[in-house]
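Asks: Here's a sequence, model it:
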Amino acid sequence: MNVLFINIKELIQVRETSIDFLSGKEMNVLPTLKNAFLLVKKGLIADFGLMENCPDIEIKTIDATGKMILPSWCDSHTHIVYAGNREGEFVARIHGRSYKEIADNGGGILNSAKWLQTTSDEDLYQQSKIRLEEIIQLGTGAVEIKSGYGLTKDAELKMLRVIKKLKEKYPLQIKATFLGAHAVPTAYKDNKSGYIQLLIADILPAIEKENLADFIDVFCETGYFSVADTQQILEAGKKHGLVGKIHVNQFTAIGGIQVGIENNVLSVDHLEEMRTEDIDALKNTKTMPVALPSCSYFLSIPYTPARKMIDAGLPLALATDYNPGSAPSGNMNFAVATACIKMKMTPEEAINAATINGAYAMGLQDKVGSISKGKFANLILTKAINSYHFIPYSFGNHAIEKVFLKGERIK
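Replies: Numbers count the residues shown, from 1 in each chain. Down below sits the predicted model:
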């Protein structure tokens, strides 16, 4: 798609030179151009600049007077391929039951696994595509989707095949993550080591054979998978070409961040419980911390201490954690707003966290996440707004007028 946007009130997240991610004080700097143009050719950003330098060419033109353009959101942590829902658990928590109590009594991840194991491939695809189309309309132009609600070989592969089909059918960037180590299934409740061997010896070779995943993930948490388990699973993933990620420090801090860093994981996600030693361990690494504010909001658990982490010089990405149990929303606009309201991030920090840092957390920083020449023209065109601060300010309503993927408007 070729298109020229003109009279852009403000072009946001402009990067002339390529960067991987932003850390510390850098996160509060959000470069923009006012009264700008943006040229898209063959789905890529070809040029941009001030209107006084706008090229005079015959091309489809969109007048963005009063409106702003920024790169689409990069949501690096979701579980949107799932079956059914967990509304009953939502009500149970209102009546005072904790997430742990529900999980210990057969709810939680194991409940979702029961649904998914009996759902057909096609039905699972149809349910998931609705969610994917929804988040595209909400401005997401790159997304990571995890397995982990299968917990059997057949069901985990079914999830990953659905993710692969979504990737083939839709124009946004999709990354797939194998999260077989999401919980120990009931059939292995007294034989966790046997389940880990199933993941390593049986499922991982099948994933590699069909090229079904980019990453491997582990829920490193008390009552789920230990630090030693995590080490074993990450090492096995590397042998099959999968880069590591970890769910870690959601409820307890048990050393998962440190084992992640030792294994050069791309991201460590959740981080609601962060000790000083965990923050110090992440300094000067290439591992991206990822906060999931919608999960904290929904479960009424602590928020990732973003202010403490950024002030210590760390980078931070934001993602939705879209899943049926603890964050049933893929709205990145809400995640950005909640990060500002509850985590005291500035709008600049939050937008950087949800664009270029989110792209890095998926290994996509060279393709999306900023207004840079050669990147995909995955764009948000806002409504007429006063400033980009309105995006998190308007927490109950998004400021999006149109979404473009590879330069083409998504209707």
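Asks: Give me the outermost residue of the chain relative to its centroid.
Replies: The C-alpha centroid of the chain is most remote from Asp56, which lies 38.4 Å away (Cα atoms, centre = their mean).
Asks: so which strand or helix has that residue?
Replies: Asp56 belongs to no helix or strand when assigned by DSSP states H and E.
Asks: For it, report the pLDDT, please.
Replies: Reading off the confidence values, Asp56 has pLDDT 92.
Asks: Same check on Gly106?
Replies: Gly106 is assigned 68 on the pLDDT scale.
Asks: quick revisit: got the phi/psi numbers for the residue farthest from the centre of the chain?
Replies: Backbone geometry at Asp56, expressed as degrees, to the nearest 10, gives phi -100, psi 90.
Asks: Look up how far Leu39 lies from it.
Replies: Distance from Asp56 to Leu39, counting by Cβ to Cβ, to the nearest Å: 12 Å. Quick note: C-beta positions are derived from backbone N, CA and C, even for glycine.
Asks: Likewise for Phe251?
Replies: Phe251 is 48 Å from Leu39, by Cβ to Cβ.
Asks: Please apply the same query to Glu401.
Replies: Applying Cβ to Cβ, the value for Glu401 to Leu39 is 20 Å.
Asks: Looking at those two now, which is surrounded by more residues?
Replies: With neighbours defined as other Cβ atoms under 10 Å, Glu401 and Leu39 compare such that Leu39 has more, 22 against 14.
Asks: The closest residue to the more buried one other than its chain neighbours: helix or strand, and which one exactly?
Replies: What sits nearest to Leu39 in space, not counting adjacent residues and going by Cβ to Cβ, 6 or more residues apart in numbering, is Asp47, at 4.2 Å. Element membership for Asp47 (DSSP H and E) is strand 44-50.
Asks: gap between that strand and the chain center?
Replies: Distance of strand 44-50 from its chain centroid, counting by Cα atoms, centre = their mean, to the nearest Å, is 26 Å.
Asks: hmm, who's touching it?
Replies: By Cβ atoms under 8 Å, 6 or more residues apart in numbering, the surrounding residues in contact with strand 44-50 are 11, 14, 33, 35-40, 55, 371-377, 406-407.
Asks: So among those residues, which ones count as buried?
Replies: 11, 14, 33, 36-40, 371-372, 375-377, 406-407 (16 or more other Cβ atoms under 10 Å).
Asks: can you pull the contacts of the closest residue in space to Ser76 that isn't next to it in sequence?
Replies: With sequence-adjacent residues excluded and distances taken as Cβ to Cβ, 6+ apart, Ser76 is closest to Ala361, at 3.7 Å. By Cβ under 8 Å, 6+ apart, the residues touching Ala361 are Cys74, Ser76, His77, Glu144, Leu266, Ser267, Met288, Val290, Ala317, Ala319.
Asks: can you do 10 Å?
Replies: The contact partners of Ala361, by Cβ atoms under 10 Å, 6 or more residues apart in numbering, come to 21, 74-77, 142, 144, 175, 245, 266-269, 287-290, 315-319, 353, 369.
Asks: ok now the helix or strand containing Asp75, how far from the chain's centre?
Replies: Assigned by DSSP H and E, Asp75 belongs to strand 73-78. In terms of Cα atoms, centre = their mean, the centre of strand 73-78 is set 2 Å apart from its chain centre.
Asks: Equivalent analysis for stretch 186-201, please.
Replies: With Cα atoms, centre = their mean, you get 28 Å for stretch 186-201.
Asks: Pull up the distance across it, start to finish.
Replies: Length of stretch 186-201, first residue to last, Cα to Cα, to the nearest Å: 20 Å.
Asks: try stretch 14-27
Replies: First-to-last residue span, stretch 14-27, Cα to Cα: 14 Å.
Asks: Kindly check the end-to-end length of stretch 62-82 for me.
Replies: 38 Å.
Asks: same question, stretch 109-123
Replies: End-to-end distance for stretch 109-123, by Cα to Cα: 19 Å.
Asks: ok, and for that stretch, which residues are buried?
Replies: Ile109, Leu110, Asn111, Ser112, Ala113, Lys114, Trp115, Leu116, Gln117, Thr119.
Asks: and if you look at stretch 302-318?
Replies: Under 16+ other Cβ under 10 Å, the buried positions of stretch 302-318 are Tyr303, Thr304, Pro305, Ala306, Met309, Ile310, Ala312, Leu314, Pro315, Leu316, Ala317, Leu318.
Asks: same deal with stretch 337-353?
Replies: Here stretch 337-353 shows 337-341, 343, 345-353 as buried, counting by 16+ other Cβ under 10 Å.
Asks: Tell me where the protein is predicted with low confidence.
Replies: Within the chain, the stretches with pLDDT under 70 are 106.
Asks: on that earlier part again, buried residues, the strand holding Asp75. List them.
Replies: In strand 73-78, counting by 16+ other Cβ under 10 Å, buried: Trp73, Cys74, Asp75, Ser76, His77, Thr78.
Asks: which residues sit in contact with the residue most central in space within the chain?
Replies: Closest to where the C-alpha atoms of the chain average out (Cα atoms, centre = their mean) is Ser76, at 2.0 Å. For Ser76, the contacting residues are 142-144, 175, 177, 215, 245, 266-267, 269, 288, 290, 292, 317-320, 354, 357-364, by Cβ under 10 Å, 6+ apart.
Asks: hmm, try it at 7 Å
Replies: Contacts here follow Cβ atoms under 7 Å, 6 or more residues apart in numbering; on that basis Ser76 touches Glu144, Ser267, Val290, Ala317, Ala319, Gly358, Ala361, Met362.
Asks: and those, which of them are in helices?
Replies: Gly358 (DSSP state H).
Asks: what's the spacing between Leu172 and Ala64?
Replies: Relative to Ala64, Leu172 is positioned 22 Å away (Cβ to Cβ).
Asks: What of Leu138?
Replies: Applying Cβ to Cβ to Leu138 and Ala64 gives a distance of 20 Å.
Asks: Next: Lys344.
Replies: In terms of Cβ to Cβ, Lys344 sits 31 Å off from Ala64.
Asks: Ok, Phe395 next?
Replies: Taking Cβ to Cβ as the measure, Phe395 falls 24 Å from Ala64.
Asks: again, but for Glu262
Replies: Counting by Cβ to Cβ, the gap from Glu262 to Ala64 is 47 Å.
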